[in-house]
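J.: Predicted model and sequence follow; I will ask about them next.
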Amino acid sequence: MKELICTFYRPEKVNINEFCGIITKLEDDLDTLCNENIDASDICEYVYRLAGYARPLKRDPKMYFLGLDEPENMPGDARVDFFYRPTYLGAAIMIRSVMLHPELLNAADRYGAAVKITLPGILLGCTGREFSGHGYDWLKGLIETLTIFTKAGTAQFVEKYPYICNEFSDLYISSMNMIEKRVCADTVKNQWGEDYTKEAQLLLKDYHGEASASSESSSQEEKPSCVWYASYGSNINSTRFQEYLDSCGGDVSTTESKPFLTHGTLYFAASSERWGIGMGVAFFDEESEGTVLTRIYKVSHEQILSIQSQEGSKYCRSLMLGIVDGLPVYTFTSPEKRDDLNAPSADYVRTILTGLKEAYPGVSETVLLSYLIKHGALNDNARKVLTYIRRAPHAVKLGKIAEQEDCPDIDEATAAIQFLLGIGLIKQDSRSIRAGHSKEDLDALFYTVQEKRDMIDQVVFNVI
């Protein structure tokens with residue numbers, strides 16, 4: 001069994017010979033990975049170490065690169081050779097590793113985390129100059145880059161996992177189609193008349209051989225017709241999710257679903273008129289530490305495309321979260337982490353809470369509500385009002401709350417009371433109800449729900 005060791009590093013000083021040696025080692029490693037029998041542990045360790053060197057681009061942190069120096073320090077031709085080429089090779093090595101060991105996409109250890117966090121960014125980084133070479137060498141560079149990817153098994157990869165990076169998958173397929181059209185038209189030449197027909201034909205031969213192998217494999221293995229859609233916001237609620245399925249011929253009552261925990265953080269931001277004017281909705285940040293409670297639904301490829309379309313531009317970025325029962329798990333979130341944090345409405349929180357109770361029946365409502373509060377379900381006014389009510393020795397009047405220096409004015413306090421009532425953290429005292437006081441009356445009395453007081457003490461007070 002052949003040994004594979006990652007020796008990639010970034011030299012402290014610019015040294016062309018040293019740069020070339022590092023790239024040659026990456027090329028040799030890719031050849032070894034494609035042609036030799038490598039122990040799975042070696043592959044996992046290699047990918048983990050390589051991923052550790054990936055850096056986000058300063059002007060676009062969604063893109064990750066394995067460049068040997070900062071791009072602004074390099075002229076255009078050097079950027080292709082020493083910034084993009086090592087990134088292409090690193091991406092190809094990770095693609096090949098995933099094709100050999102798809103469990104990397106779902107591993108709960110450091111290897112799986114490295115792949116899930118880094119691979120989408122590296123693939124996106126590869127699209128930075130559309131795979132092309134520099135200047136008049138754009139076509140030569142394009143063919144060389146596509147050859148690197150095709151050697152790694154990228155045709156099968158983008159067929160099986162297109163949503164890991166839609167931009168990369170689309171660019172790879174369209175670039176191969178363009179090369180094929182140029183070969184057919186006998187126009188595989190640059191502006192100087194240099195002919196790359198032979199190189200393009202070899203590329204297409206490998207590509208079609210790989211695509212054919214993928215097709216044969218799919219027919220033999222019965223290509224999966226479904227994927228998992230991971231919901232973490234309102235669609236975790238089956239009744240709400242049915243509204244999405246109504247547009248794509250689905251029935252939630254016959255749709256398989258199960259709970260699914262994934263790395264990342266839930267947060268609330270932006271706004272949606274559907275859930276109250278000016279009120280926030282849920283988003284997913286895969287790079288932050290934490291655990292997100294999701295519910296995965298088994299849907300067809302056509303249905304998940306319809307779901308993404310219905311989500312709209314706020315959720316235009318797709319993420320692959322892993323593999324369950326041999327099928328990929330996808331979710332959707334914002335193009336980048338939002339900074340317009342905004343607490344949701346009580347209706348939205350109730351909808352998610354109901355869905356969480358459906359998906360996690362063994363977990364108490366108090367624990368599930370605590371999870372939502374920890375991730376931003378309370379706005380500042382609601383926290384202040386809840387704090388005052390909890391610290392009071394007995395039920396307190398709405399008018400008294402609004403008089404407090406640390407509490408909002410009467411209109412905002414009333415809105416906070418409605419929210420806290422709506423998510424079940426407080427109740428109106430029965431005496432004020434019998435006295436005919438509505439929830440908006442200044443004399444209406446409120447107190448915290450007894451069984452949720454420990455949670456309020458642990459979660460809300462710590463937030464404040």
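T.: Okay, I see it.

J.: so which strand or helix has the spatially most central residue of the chain?
T.: Centrality entry for the chain: nearest residue to the mean C-alpha point is L319, 3.5 Å, by Cα atoms, centre = their mean. Per DSSP states H and E, L319 falls inside strand 317-324.

J.: Adjacent strands (with direction) for that strand?
T.: strand 327-333 (antiparallel) (DSSP bridges).

J.: where does the chain dip in pLDDT?
T.: Scanning the chain for pLDDT under 70 picks out the ranges 76, 209-224, 461-464.

J.: Let me see the ranges of the strands in the stretch 51-200 of the chain.
T.: Assigned by DSSP state E, counting those that start in this stretch, the stretch 51-200 of the chain shows strands spanning 55-57, 60-65.

J.: Buried deepest among those, which one?
T.: Burial of those is given as mean neighbour count (mean count of other Cβ atoms under 10 Å); strand 60-65 ranks first at a mean of 19. From N, CA and C alone the C-beta is placed, and that goes for glycine too.

J.: Need the residues that contact stretch 53-70.
T.: Applying Cβ atoms under 8 Å, 6 or more residues apart in numbering, the set of residues contacting stretch 53-70 from outside is 8-11, 14, 19, 22, 50, 71, 79, 82-84, 86-87, 89-90, 118, 121-122, 124-125, 128, 335-336.

J.: now stretch 85-92
T.: By Cβ under 8 Å, 6+ apart, the surrounding residues in contact with stretch 85-92 are 8, 22-23, 26-27, 30, 50, 54, 64-68, 119, 122-123, 125-126, 131, 145, 148-149, 151-152, 154.

J.: Now that you've got those, can you turn the buried subset into something I can paste into PyMOL?
T.: In PyMOL syntax, the buried subset of the contacts of stretch 85-92 is picked out as below (16 or more other Cβ atoms under 10 Å):
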select buried, resi 8+22+23+26+27+30+50+54+64+65+66+67+68+119+122+123+125+126+131+145+148+149+151+152+154
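
J.: In helices only, show me the contacts of stretch 85-92.
T.: Residues of those located in helices (DSSP state H): 22-23, 26-27, 30, 50, 119, 122-123, 125-126, 145, 148-149, 151-152, 154.

J.: May I have stretch 302-312 exported as PDB, CA atoms only?
T.: Provided in PDB are the C-alpha atoms of stretch 302-312 (Å, rounded to 0.1, in the frame of the first residue of the first chain):
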ATOM      1  CA  GLU A 302     -37.000  18.600  -8.500                       C
ATOM      2  CA  GLN A 303     -38.600  19.400  -5.200                       C
ATOM      3  CA  ILE A 304     -35.400  20.700  -3.600                       C
ATOM      4  CA  LEU A 305     -34.900  23.000  -6.500                       C
ATOM      5  CA  SER A 306     -38.400  24.200  -6.100                       C
ATOM      6  CA  ILE A 307     -37.800  24.800  -2.300                       C
ATOM      7  CA  GLN A 308     -34.700  26.900  -3.000                       C
ATOM      8  CA  SER A 309     -36.600  28.900  -5.600                       C
ATOM      9  CA  GLN A 310     -39.400  29.600  -3.100                       C
ATOM     10  CA  GLU A 311     -37.000  30.600  -0.400                       C
ATOM     11  CA  GLY A 312     -35.800  33.500  -2.600                       C
END
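
J.: mind giving me the domain ranges of the protein?
T.: 16-221, 226-359, 378-463 (automatic domain parsing).

J.: ok, the residue lying closest to I426 once chain neighbours are set aside - contacts?
T.: Closest residue to I426 apart from its sequence neighbours, by Cβ to Cβ, 6 or more residues apart in numbering: L420 at 4.5 Å. Contacts for L420 (Cβ under 8 Å, 6+ apart) come out as 382, 385-386, 389, 426, 446.

J.: So which of the residues you listed belong to helices?
T.: Mapping the contacts of L420 onto helices (DSSP H) picks out 382, 385-386, 389.

J.: Quick check on the residues you listed: which are buried?
T.: With neighbours counted by 16+ other Cβ under 10 Å, the ones in helices among the contacts of L420 contain buried members at 382, 385-386, 389.

J.: of all those, which comes closest to C44?
T.: Proximity of those to C44 was ranked by Cβ to Cβ; the top entry is A382 with 45.5 Å.

J.: Take the domains of the chain and write them to a markdown table, including distance to K2.
T.: As requested, the domains of the chain are exported to a markdown table (distance: least, Cβ to Cβ, whole Å):
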| stretch | distance to K2 |
| --- | --- |
| domain 16-221 | 4 |
| domain 226-359 | 26 |
| domain 378-463 | 52 |
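
J.: hmm, back to that, report the secondary structure state of the residue nearest to I426.
T.: Assigned by DSSP: H, G, I helix; E, B strand; the rest coil, the conformation of L420 is helix.

J.: Same check on M279?
T.: Assigned with three-state DSSP, M279 falls in the coil class.

J.: these two touch, right, R182 and L203?
T.: No - judged on Cβ atoms under 8 Å, R182 makes no contact with L203 at a distance of 11.1 Å.

J.: quick one, which of those two is more surrounded?
T.: Neighbours per residue, other Cβ atoms under 10 Å: of R182 and L203, the larger number sits with L203, 23 against 17.
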